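Trainee: Structure of the sequence below:
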Amino acid sequence: WWWRRPAAAQNDLSEHFLGAFRAGLRYARASRELHVVLVRAVGYFLFASAMWALMPLVVRQLLGGSAGFYGLMLGAVGVGAIGGALALPRLRQRLSADGLMGLSAAVTAAVMLAMVAQPPQAAALLLALVLGGGWIVALTTLSSVVQAILPNWVRGRALAVYLTVFNGAMAAGSLGWGLVARGIGLPMTLAASAAGMLAVALWMRRLPLPTGEANLDAAHHWPEPAAVAPGSHDRGPVLVQVSYRIRPADRPAFLKALHPVALARRRDGAYAWGVCEHTDDPQQIIEWFFVESWAEHLRQHRRVSHHDADLQQELLQWHSGPDRPLVRHFLALHPPG
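Mentor: Residues are numbered from 1 along each chain as shown. Here you go, the predicted model:
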């Protein structure tokens with residue numbers, strides 16, 4: 001009766017905990033789309049946390065409520081969240097992800113400003129319903145976007161980064177707004193957090209959320225490298241060099257197209273990346289990157305997505321050599337002593 005997930009078969013390419021942890025952090029560090037979601041999450045939750053942190057004081061000082069009424073307020077927030085979840089499909093038909101985040105920010109700020117006016121308890125319960133709806137719209141929108149922009153192999157690890165940022169913003173915001181309330185009072189703090197949320201929401205329009213339309217399925221378009229000796233999968237690091245022939249007039253366009261490819265290399269497993277020119281032959285441009293081990297490089301082959309393949313294909317249009325760019329692999333040696 002207790003469901004058990006089937007254990008995955010272990011092989012030379014199975015990831016160990018620390019290696020998988022580092023791979024997840026590398027992906028998060030190199031994913032510009034994930035950075036946008038994280039910034040948007042911080043911008044929202046840092047200000048929205050004021051209402052959650054100060055809710056007991058709002059109930060007691062502004063609404064004249066008891067512990068029982070505080071429980072009713074939390075229950076109303078929960079009911080509002082259910083209503084918001086039910087209304088979300090219709091809202092998505094009319095609004096983009098950015099529109100939903102703007103709506104949620106406006107609703108949350110309006111509720112905080114309304115609480116400053118010390119409404120009757122019945123009206124406060126209605127406001128709590130609205131607050132719950134706005135909260136679930138923002139939470140679901142960000143969660144949906146972050147899952148849509150992540151490939152399967154790293155989704156759980158990158159989601160952990162997102163949840164860490166989310167909880168960190170909530171914790172930092174709660175502490176910060178508590179200190180502010182002690183200094184300037186509860187009404188001014190709610191007004192300040194509402195104004196800050198609206199200002200940040202307007203500024204965030206310059207940073208639109210990603211659409212998640214890229215094909216992140218594995219492309220498997222890289223040719224398999226030459227096999228190494230048995231037992232060498234854990235050897236490393238591995239240096240990979242890709243040699244291009246680039247005409248001088250095409251170099252600026254090539255380097256511009258190379259930038260997103262560099263990010264893709266880092267997302268898929270490279271921990272260091274660079275590009276250089278041959279001193280005796282300036283048309284020979286060499287891209288290089290390091291991977292932790294031979295096994296990690298083989299995993300990198302499996303991780304490259306169709307979107308990454310498209311970026312690499314755009315880069316190849318500037319290659320002027322008669323054949324495809326030459327790819328070479330080097331395994332590190334560790335002399336004794």
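Trainee: how about the helices in the stretch 201-337 of the chain?
Mentor: 251-268, 294-303, 306-316 (DSSP state H, counting those that start in this stretch).
Trainee: what does the longest one contact?
Mentor: Read it as helix 251-268. Contacts of helix 251-268 with the rest of the structure, by Cβ atoms under 8 Å, 6 or more residues apart in numbering, involve 26-27, 29-32, 244, 246, 273, 275, 285, 287, 289, 300, 303-304, 307-308, 311-312, 314-315, 317-318. (Glycine included, C-beta is placed from N, CA and C.)
Trainee: Then the second one?
Mentor: When contacts are defined by Cβ under 8 Å, 6+ apart, helix 294-303 is touched by residues 12-13, 15, 19, 23, 151, 153-154, 218, 220, 222, 224-225, 228, 232-236, 238, 240, 267-270, 291, 329, 331.
Trainee: Which residues in stretch 143-159 does the neighbour count mark as buried?
Mentor: For stretch 143-159, the neighbour count (16 or more other Cβ atoms under 10 Å) marks 143-146, 148-151, 153-155, 157-159 as buried.
Trainee: Now do the same for Asn11: its pLDDT.
Mentor: Listed pLDDT for Asn11 reads 67.
Trainee: in stretch 167-182, what counts as buried?
Mentor: Ala169, Met170, Gly173, Ser174, Gly176, Trp177, Gly178, Val180, Ala181.
Trainee: how about the strands of this structure, start to end?
Mentor: Assigned by DSSP state E, the strands in the chain fall at 238-245, 270-277, 284-291, 326-331.
Trainee: With just CA atoms, put the second one into CSV.
Mentor: Output in CSV follows, covering the C-alpha atoms of strand 270-277 (Å, rounded to 0.1, in the frame of the first residue of the first chain):
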residue,chain,number,x,y,z
ALA,A,270,31.4,23.3,-17.8
TYR,A,271,32.9,25.0,-14.7
ALA,A,272,35.3,27.2,-16.7
TRP,A,273,35.0,28.6,-20.2
GLY,A,274,37.1,30.8,-22.5
VAL,A,275,37.9,31.8,-26.1
CYS,A,276,41.3,32.7,-27.6
GLU,A,277,42.9,33.2,-31.0
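Trainee: Give the partner strands of it in its sheet and their orientations.
Mentor: With DSSP bridges as the test, strand 270-277 is paired with strand 284-291 (antiparallel).
Trainee: if we can go back for a sec, can you select the buried ones among the contacts of helix 294-303 for me in PyMOL?
Mentor: Those of the contacts of helix 294-303 that count as buried under 16+ other Cβ under 10 Å are selected in PyMOL with:
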select buried, resi 19+23+151+153+154+218+228+233+235+236+238+240+267+268+269+270+291
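Trainee: Distance check, Arg206 against Val39.
Mentor: Computed with Cβ to Cβ, to the nearest Å, the distance linking Arg206 and Val39 is 11 Å.
Trainee: of those two, who's got more company?
Mentor: Taking neighbours as other Cβ atoms under 10 Å, Arg206 and Val39 compare with Val39 leading, 13 against 6.
Trainee: Need the pLDDT of the more buried one.
Mentor: Looking at Val39, its pLDDT reads 96.
Trainee: His16 now?
Mentor: On the pLDDT scale, His16 gets 82.
Trainee: can you pull the contacts of it?
Mentor: Applying Cβ under 8 Å, 6+ apart, no residues qualify as near His16.
Trainee: Give me the below-cutoff pLDDT ranges for the stretch 201-337 of the chain.
Mentor: Within the stretch 201-337 of the chain, the ranges that satisfy pLDDT under 70 run 229-231, 337.
Trainee: repeat that for 80
Mentor: Low-confidence segments of the stretch 201-337 of the chain, defined by pLDDT under 80: 225-233, 337.
Trainee: Put the buried members of the contacts of helix 251-268 into a PyMOL selection.
Mentor: Of those, the buried ones can be selected in PyMOL as follows, counting by 16+ other Cβ under 10 Å:
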select buried, resi 26+27+30+31+244+246+273+275+285+287+289+300+303+304+307+308+311+312+315+318
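Trainee: what ranges do the helices span in the stretch 1-150 of the chain?
Mentor: Ranges of helices in the stretch 1-150 of the chain, per DSSP H, counting those that start in this stretch, are 17-30, 32-57, 67-94, 97-116, 121-148.
Trainee: Give me the buried positions along the second one.
Mentor: When burial is assessed from 16+ other Cβ under 10 Å, helix 32-57 yields the following buried residues: 33-34, 36-38, 40-55.
Trainee: Ok, the last one next?
Mentor: Judged by neighbour count using 16+ other Cβ under 10 Å, the buried positions of helix 121-148 are 124-125, 127-146, 148.
Trainee: what angle do that helix and helix 97-116 make?
Mentor: Helix 121-148 runs at 160 degrees relative to helix 97-116, counting by axes from the mean of the first three to the mean of the last three Cα atoms, to 10 degrees.
Trainee: what packs against helix 121-148?
Mentor: helix 32-57, helix 67-94, helix 97-116, helix 155-184 (3 or more Cβ pairs under 8 Å, 6 or more residues apart in numbering; DSSP states H and E).
Trainee: between these, which one is nearest to Pro325?
Mentor: Proximity to Pro325 (Cβ to Cβ) singles out helix 32-57 among the helices and strands packed on helix 121-148, at 24.7 Å.
Trainee: Just to check, Leu103 is in contact with Leu88?
Mentor: No: with contact defined as Cβ atoms under 8 Å, Leu103 does not reach Leu88; the gap is 10.9 Å.
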